[in-house]
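J.: Here's a sequence, model it:
(one chain, ligands or ions: 3)
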Amino acid sequence: MSSFAAVGRTMRLNGRLTAAVLLLQALTLARCLQLTEITVPDVVDVRETVTLSCSYDMGTHKLNSVKWYKDEREFFRYSPLMPKSLMLFDVEGVTVLQNSTGQICNQFMCSIQLHRLNIRSSGSYRCEISGDAPEFKLAHGVGNMTVAVYPQFDPIINGLQHNGVQHNYALGDFVVANCSSDMSSPPARLYWYINDRNVPSDYLQPQHESTVENDGFQLRQRTLEIRFYIDEKRLGKLKGKLVLKCLARIDAIPQATRESTQIIYIPTTDELRNQKLINWRGSDACSLQHATLARLSVLFTVTLGGFRWFV
Ligand SMILES: *[C@@H]1O[C@H](CO)[C@@H](O)[C@H](O)[C@H]1NC(C)=O
Ligand SMILES: *[C@@H]1O[C@H](CO)[C@@H](O)[C@H](O)[C@H]1NC(C)=O
Ligand SMILES: *[C@@H]1O[C@H](CO)[C@@H](O)[C@H](O)[C@H]1NC(C)=O
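T.: Ligands and ions are numbered 1, 2, ... in the order given. Got it, this is the predicted structure:
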């Protein structure tokens, strides 16, 4: 009786093991299709051509279709089993770059390119894959994209005194300059630096801003004025120059940061003294020249006199 029970238990155990193995096999056989990666850039410049791509593991399934949606509206379909494997649908803000080498759709991935972006291109992009009949299993991934207008130019620093060769300042002088960012959306924040150090806030005037609307974007341009005395007590030892840098940064788009630099050379007191010395020697050299000329004329006279002792 007890040995029967033991045999029965073994059989039941074996049975469970077999079931487990079968289940494992079934899982491997019917390995589900899954979306392994979706790439949608977070922020792009309106002038860019962007690439959206999704990769998938079809498991034991065959790819029936890949569909791309923007805000739940389908704009692209790849269905390799159909005679017309590529289809495009009109969706506002979406223009698929046709016949591009960047468009690759197959059993493993589907990568497409969008161009002619505008403000309506911002939104949520979804890639959905489906397996073949009879189950038509689905998997999807979503990524959001925001279209911005990056500044195209470095900020402009103007208002500095210039003598035609270089900026013309001395210790104790008052400096006024403006930094103006290029138009952008979102707007850039402006930062001034002197010799790579953030400037004290009392150097800065209130910021000016102007707005232009273009294709639905609110483009903003900003100007930040800096005013300060060239004062080594506040600025630290200057070593003959002030490097004025203006940075225009959009918080959400660090890669769109732009900057400009202007250098102001300031003669130090030592240099001013040397300058005077050079000037003084300069005038001395001038009188030496007179002396040489005088001596030459003496020699000339002597030569005319027929003597050749000086050769
Ligand atoms: C893409 O190429 C096909 C044929 O290769 C052509 O019929 C179609 O006009 C092209 N589309 C564009 C937008 O150039
Ligand atoms: C995309 O945007 C939608 C709507 O603004 C938001 O609900 C969703 O969480 C965002 N998805 C991602 C992946 O950031
Ligand atoms: C800086 O810009 C402001 C506003 O545009 C203007 O009022 C000011 O005169 C400018 N300053 C200089 C030094 O150019």
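J.: Contact partners for the residue of the stretch 201-311 of the chain found nearest ligand 2?
T.: Here the residue of the stretch 201-311 of the chain nearest ligand 2 is Ala252; by C-beta to the nearest ligand atom that distance is 13.3 Å. C-beta coordinates here come from the backbone N, C-alpha and C atoms, glycine included. Neighbour list for Ala252: Val43, Thr146, Ala148, Pro186 [criterion: C-beta atoms under 8 Å, 6 or more residues apart in numbering].
J.: likewise Val96?
T.: Val96 neighbours (C-beta under 8 Å, 6+ apart): Phe75, Phe76, Leu88, Gln103, Ile112, Gln113, Leu114.
J.: Switch the residues you listed over to TSV; also include pLDDT, secondary structure and distance to Ser65.
T.: As requested, the contacts of Val96 are exported to TSV (pLDDT from 0 to 100; DSSP: H, G, I helix; E, B strand; the rest coil; distance: C-beta to C-beta, whole Å):
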residue	pLDDT	secondary structure	distance to Ser65
Phe75	98	strand	14
Phe76	98	strand	10
Leu88	97	strand	14
Gln103	95	coil	16
Ile112	98	strand	14
Gln113	98	strand	19
Leu114	98	strand	19
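J.: pLDDT of stretch 62-72, averaged?
T.: For stretch 62-72, mean pLDDT is 96.
J.: now what about it, what contacts it?
T.: Contact partners of stretch 62-72, identified using C-beta under 8 Å, 6+ apart, comprise 52, 54, 56, 74-81, 91, 93-94, 105, 107, 110, 112, 121, 123-133, 136.
J.: cool, and stretch 156-175?
T.: Contacts with stretch 156-175, where a contact means C-beta under 8 Å, 6+ apart, come from 176-180, 225-232, 238, 242, 244, 246, 260-269.
J.: buried subset of those?
T.: With neighbours counted by 16 or more other C-beta atoms under 10 Å, these contain buried members at 177-180, 225-226, 228, 230, 238, 242, 244, 246, 260, 262, 264, 266, 268.
J.: Which residues of the stretch 201-311 of the chain lie near ligand 3?
T.: Residues of the stretch 201-311 of the chain found near ligand 3 (C-beta under 6 Å from any ligand atom) are His208, Thr223, Glu225.
J.: Relative to ligand 3, which residue of this protein is the closest?
T.: Residue of the chain nearest ligand 3, by C-beta to the nearest ligand atom: Gly159 (2.9 Å).
J.: which intervals of the stretch 201-311 of the chain have sub-threshold pLDDT?
T.: Low-confidence segments of the stretch 201-311 of the chain (pLDDT under 70): 268-273, 275-311.
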